[in-house]
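Trainee: A predicted structure for the sequence below; I have some questions about it.
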Amino acid sequence: MPKNPKQERTVVLIKPDGVKRGLVGEVMARIEKRGLKIISLSMASPTRKQIDEHYPKDAAWVKRLGEKSLATYAKYGWDPKKEMGTDDPMKIGKAVRGWILDFMTSGPVIKMVVEGIHAVDMVRKLVGNSIPALAEMGTIRGDFSVDSAALANKGKRAVHNLIHASETPEEAAHELEFWFSPEEIFDYKRAEEDIMF
C-alpha cells in the first residue's frame, strides 16, 4: 500500500495487438506526458495458465461477458442461438473468456507498473473505453483502434483493444503481485515532481 497518494500504482499490459502494431512507445509517451512514471517495464510471452489466472473466473464476471455479448447481438438484430448456438449468458461468457485467453497468448505483451497521483483513474482515462469504437478521440484506444464488440463477436474472437489497465486500486494490487516481483519495481524521482505536485 502506498505511503503517499503520489505513489498510487497500477498495472498496464500492452496487449499483443499493441505490440505487433508498434504502439509501445506511443503508449509509454502518453503515460509519461501525463506526469505518471513507469517504475517497471518488461516484455513477456504469457502462458495460457498465467492469462487464465489474470482474468477473473467468478460466475458474475463471466455472466457479465455473456450479457454484454447478448446486448451486442440485440443491438444489431442478430440471433445469439444462430451465432453462438445458445442464448445462455454463462455459456456465451465462457466462450468470450476463452477468446480473450487465445488473444492474450497470441504474441508477446509489454507489462508495466505505473505510479503517480490517481494512477489507476489517470491511466484508465488515457486508455479510453474498452470498446475502441466507443472510445473518445484523444484516448489511446480512440486514436489507434476501431474494433468493436460486434466485429469481434462475428469473428468469434476477443476485442482487439490494445491495452489492459487495472480498473480499481484493489485489482491493481492483485495484478502487481501477480505479474511483478519486488526486485522488478524501481523507485526514483522524476525531475518535475517537485513542480507538478
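Mentor: Okay, I see it. Not measured: the values here are computed from a predicted model. Residues are numbered from 1 along each chain as shown.

Trainee: Mind listing what's buried along the longest helix along the chain?
Mentor: For the chain, the helix reaching the highest residue count under DSSP state H is reported as helix 59-76. Buried positions in helix 59-76, judged by neighbour count with 16 or more other C-beta atoms under 10 Å: V62, K63, L65, G66, K68, S69, L70, T72, Y73. Bear in mind the C-beta positions are built from the backbone N, C-alpha and C, glycine included.

Trainee: Output the host helix or strand of V113 as PDB - backbone C-alpha positions only.
Mentor: Following DSSP states H and E, one finds V113 within strand 109-115. C-alpha atoms of strand 109-115 as PDB (Å, rounded to 0.1, in the frame of the first residue of the first chain):
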ATOM      1  CA  VAL A 109       2.900  -8.300 -24.200                       C
ATOM      2  CA  ILE A 110       4.600  -5.400 -22.500                       C
ATOM      3  CA  LYS A 111       4.000  -5.300 -18.800                       C
ATOM      4  CA  MET A 112       4.400  -2.100 -16.800                       C
ATOM      5  CA  VAL A 113       3.900  -0.700 -13.300                       C
ATOM      6  CA  VAL A 114       2.800   2.900 -13.500                       C
ATOM      7  CA  GLU A 115       3.000   5.200 -10.400                       C
END
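
Trainee: now that strand, how far from the centre of its chain.
Mentor: 11 Å (C-alpha atoms, centre = their mean, to the nearest Å).

Trainee: So what's the gap between the helix or strand just after that strand and the chain middle?
Mentor: Counting by DSSP H and E, the next helix or strand C-terminal to strand 109-115 is helix 119-127. Computed by C-alpha atoms, centre = their mean, the chain-centroid distance of helix 119-127 equals 11 Å.
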